[in-house]
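Trainee: My questions are about this predicted structure, shown below with the sequence.
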Amino acid sequence: MDVHRVDVDDRASLAAWVDVHNAAEALDAPWQTPLTVHRAEGDARYGWDGEPETPFLGCVDGEPVAAGWVSASDYDNLDAAWLGVRVRPDLRRRGLGSALLAALERYVRDLGRGVVGTLGWAGSPAEAFVSGHGFEARAREAQRRQVLAEVDWADIEALHAEAGTHAGDYELVRWTGRAPEDVLPALAALTASINDAPTDDLTWEDEVFPTERIAAYERAQHARGDLLHRLVARHRVTGELAGHTVVAVDGERPAFADQHDTAVAPAHRGHRLGLLLKTGMNLWLRETQPQVERIDTWNAESNRHMLAVNDVMGYRVVGRVVLYQRP
Ligand SMILES: CC(C)(COP(=O)(O)OP(=O)(O)OC[C@H]1O[C@@H](n2cnc3c(N)ncnc32)[C@H](O)[C@@H]1OP(=O)(O)O)[C@@H](O)C(=O)NCCC(=O)NCCS
């Protein structure tokens, strides 16, 4: 198998990469929204916050058979890299996955990263494959989905009102797209609260959020064509940003939305701000993005507080993944 790095301007290779990706996901995770070339381009050009993922394509006799990616951050966790391997369902158990993994690991070694991580759907072939390659299971996450046609809006409104009775010292502020320039330092500090979310047994340092990273995230999301909705709880007396939740509406397929960060700063916990923010987001999207059909979110299985909020709002598990690492 020939493995080559996909040039993001090479539409044919990117489209072939997407086809392999979607064929694999259709088998292992059929509830997943298929990837489009536009979204794959977003990952490869901008990533989440300006650090692109690197796609690789494996071909046999010129025919695309396997798709992989590598990502690594220069903000923090400088020894870590993440990768993924997908093989076309009709060509499995022939060593192609192992060959692509070996090629990606060489790339990771050349980056100078000493710890490599990957992830796979629980109960899928990933488990035997990655443990056979020496990876250890270190954390578990679940993908949850809120289907808006099934939402009981009276319930969401009641939850929002009830949360509000505990949060009288706070006001909600809506920012679409980029937040005002002058709040970016405060948003950076608030974003760092995400480090309190559990990471189980992962070899993982706290992430670092300089102001520039928040601006880079907003720029990257805008460049990808997604519209950020950020709802912030502001402390009325001090003006401090106490908590936020962010949902991105897919610009290409506006029926789909993804939950990004939700975090409440340590000094402001215990006022039901998590529930206030997330129900507030639902109500905001109903008003301004009524075409959104579903919101997907990812959480550590051990994130008790966030899961309690999601469960009461009608999010249901659609898939579970295991995160692995090895030196
Ligand atoms: C996991 C995946 C990449 C494996 O690709 P593959 O080309 O079939 O893997 P290989 O042929 O190199 O398999 C190597 C070994 O892994 C183990 N393995 C792979 N698939 C397995 C399965 N379905 N059941 C049991 N063991 C399996 C076996 O030990 C296999 O060796 P063997 O065939 O000699 O017994 C492929 O199933 C896939 O694309 N899955 C979806 C994406 C994914 O989960 N990726 C894993 C995380 S990176």
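Mentor: In hand now; what should we look at?

Trainee: Name the nearest residue to Ala248, sequence neighbours excluded.
Mentor: Asp226 (4.2 Å; C-beta to C-beta, 6 or more residues apart in numbering). Backbone N, C-alpha and C define where each C-beta goes, glycine included.

Trainee: My guess is the one you found contacts Gly251. True?
Mentor: Yes - counting by C-beta atoms under 8 Å, Asp226 does reach Gly251; the two are 5.3 Å apart.

Trainee: Of these two, give the one with the bigger neighbour count.
Mentor: It is Asp226, of Asp226 and Gly251, that has more neighbours when counted by other C-beta atoms under 10 Å, with 22 against 15.

Trainee: ok, the more buried one to Val318 distance?
Mentor: 20 Å (C-beta to C-beta, to the nearest Å).

Trainee: Helix, strand or coil: sort out Leu202 for me.
Mentor: coil (DSSP: H, G, I helix; E, B strand; the rest coil).

Trainee: That one: neighbour count?
Mentor: Residues near Leu202, counting by other C-beta under 10 Å: 17.

Trainee: So what's the predicted local confidence for it?
Mentor: Looking at Leu202, its pLDDT is 96.

Trainee: And Arg304, by the same measure?
Mentor: 87.

Trainee: any idea how far Val20 is from it?
Mentor: On the measure of C-beta to C-beta, Arg304 and Val20 end up 37 Å apart.

Trainee: of the two, who's got more company?
Mentor: Val20 (22 against 10).

Trainee: That one and Gly84, how far apart?
Mentor: As defined by C-beta to C-beta, Val20 lies at a distance of 11 Å from Gly84.

Trainee: swap in His38?
Mentor: 19 Å.

Trainee: More neighbours: these two, which one.
Mentor: Higher neighbour count among His38 and Gly84: Gly84, with 22 against 15, using other C-beta under 10 Å.

Trainee: for the more buried one, helix, strand, or coil?
Mentor: strand.

Trainee: which residues does it bridge with?
Mentor: Trp69 (DSSP bridges).

Trainee: wait, isn't it in contact with Thr118?
Mentor: Yes - counting by C-beta under 8 Å, Gly84 touches Thr118, with 6.1 Å between them.

Trainee: Need the three-state assignment for the residue in the stretch 51-200 of the chain positioned nearest to the ligand.
Mentor: Residue of the stretch 51-200 of the chain nearest the ligand, by C-beta to the nearest ligand atom: Gly97 (2.4 Å). On the three-state scheme (three-state DSSP), Gly97 is labelled helix.

Trainee: Now do the phi/psi pair for the spatially closest residue to it that is not a sequence neighbour.
Mentor: Take Gly97 and drop its neighbours on the chain: the residue closest to it by C-beta to C-beta, 6+ apart is Val87, 4.7 Å away. Main-chain dihedrals, Val87, degrees, to the nearest 10: phi -120, psi 140.

Trainee: I appreciate the help and will end here.
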